[in-house]
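J.: what would the 3D arrangement of this be:
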Amino acid sequence: MKVAVSYLSSDDYLKCINKINNSDADYIHADLCDGKYVENKNFTMGLLSKIFGAAQKKLHVHLMCVDPLKYVDMIASYNVSTIIFHLDATKDVNKVIDYISSMGIRVGIALNPDDDIDILAPYLKKIDEVLFLTVTPGRGGQPFQEKVLDKVDKFNEIKKDYQIETIIDGGVNDSTISLLVDKDIDIIVSGSYVTSGEDYNERIETLKKGSLL
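T.: All right, here's what the predicted structure looks like:
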């Protein structure tokens, strides 16, 4: 199980990015909030340039933004592994998927805690990741919603016929990691649990070891 560390709940994004760069994290998870799809806005073009320009690890980008297509060009030139978006944020899902794929970037779809996995059906042959949010999108430091795990189990049965990775994002820490054992999770996203500690590697290691118990 790989670990992507989110800087969303940190007070100093650039300082946090540098600490993630020097850690054993597999990815830097970038939550981009536009103030429309979610209430808060956490980036400007200038800040985004500084943050993404400082990233030395692959960026795992989650767009919590209306009309995600308009953000693809501005982030595609950076060290981006995956761009993830929400189906209800665009009127033309296939256009977004195809455009991201044309740039050689992996495509992910994010599901909010109350979303049904059936909405994924038309796109399963075209996507690379499904990100299950176990918190309400847009804010860090929220508790883990265990109800989402039933949907993860159902999806993992479906994905056997496809080349799709399962991602868990939200409230992942040293306590909740035990809930993910034997869930066939490929990547976990952890924010405040890792970034609130002085030693990122210690907490990342705790998550990786916990996932193997």
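J.: what is the helix-or-strand element of the chain with minimal mean pLDDT packed up against?
T.: Least confident helix or strand, the chain: helix 45-54 with a mean of 90, by mean pLDDT, DSSP states H and E. The contact analysis (3 or more Cβ pairs under 8 Å, 6 or more residues apart in numbering; DSSP states H and E) places helix 45-54 against helix 13-21, strand 27-33, helix 69-76. (Each C-beta comes from the backbone N, C-alpha and C, glycine too.)
J.: tell me what angle the shortest one forms with helix 69-76.
T.: Yep, that's strand 27-33 we're talking about. Going by axes from the mean of the first three to the mean of the last three Cα atoms, to 10 degrees, strand 27-33 is angled at 150 degrees with respect to helix 69-76.
J.: what is the subsequent helix or strand relative to the least confident helix or strand of the chain?
T.: Downstream of helix 45-54, the first helix or strand assigned by DSSP states H and E is strand 59-64.
J.: and that next one, what's buried?
T.: By neighbour count with 16 or more other Cβ atoms under 10 Å, strand 59-64 contains the buried residues 59-64.
J.: in this protein, which spans are strands?
T.: Ranges of strands within the chain are 2-6, 27-33, 59-64, 80-86, 106-111, 129-133, 165-169, 187-190, based on DSSP state E.
J.: ok, back up a step: wait, which of the buried residues of strand 59-64 is closest to Val5?
T.: Proximity of these to Val5 was ranked by Cβ to Cβ; the top entry is His60 with 9.4 Å.
J.: verify the stated contact: that closest one with Asn79.
T.: No: using Cβ atoms under 8 Å, His60 is not in contact with Asn79; the gap is 10.6 Å.
J.: quick one on the thing from earlier: most packed of the helices and strands packed on helix 45-54?
T.: strand 27-33 (a mean of 24; mean count of other Cβ atoms under 10 Å).
J.: neighbouring strands - and their directions - for that one?
T.: Here strand 27-33 has these sheet partners by DSSP bridges: strand 2-6 (parallel), strand 59-64 (parallel).
J.: for beta bridges, what are the partners of the one residue sitting closest to the centre of the chain?
T.: For the chain, the residue nearest the mean C-alpha position is His62 (5.1 Å; Cα atoms, centre = their mean). Here His62 sits in beta bridges with Asp31, Ile84, as judged by DSSP bridges.
J.: would you mind measuring from Asn173 to Val72?
T.: As judged by Cβ to Cβ, to the nearest Å, Asn173 and Val72 stand 32 Å apart.
J.: again with Lys159
T.: For Lys159, the distance to Val72 - Cβ to Cβ - is 24 Å.
J.: now do Lys2
T.: 23 Å.
J.: can you check Thr44 too?
T.: Distance from Thr44 to Val72, by Cβ to Cβ: 17 Å.
J.: Ala54 contacts Ile17, correct?
T.: Yes: assessed by Cβ under 8 Å, Ala54 is found in contact with Ile17 at 4.9 Å.
J.: thinking again about what came up before, reformat the strands of the chain as CSV; add distance to Asp199 and mean pLDDT.
T.: Shown next, in CSV, are the strands of the chain (distance: least, Cβ to Cβ, whole Å; pLDDT from 0 to 100):
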stretch, distance to Asp199, mean pLDDT
strand 2-6, 13, 97
strand 27-33, 18, 95
strand 59-64, 22, 96
strand 80-86, 25, 98
strand 106-111, 29, 98
strand 129-133, 27, 97
strand 165-169, 22, 96
strand 187-190, 14, 96
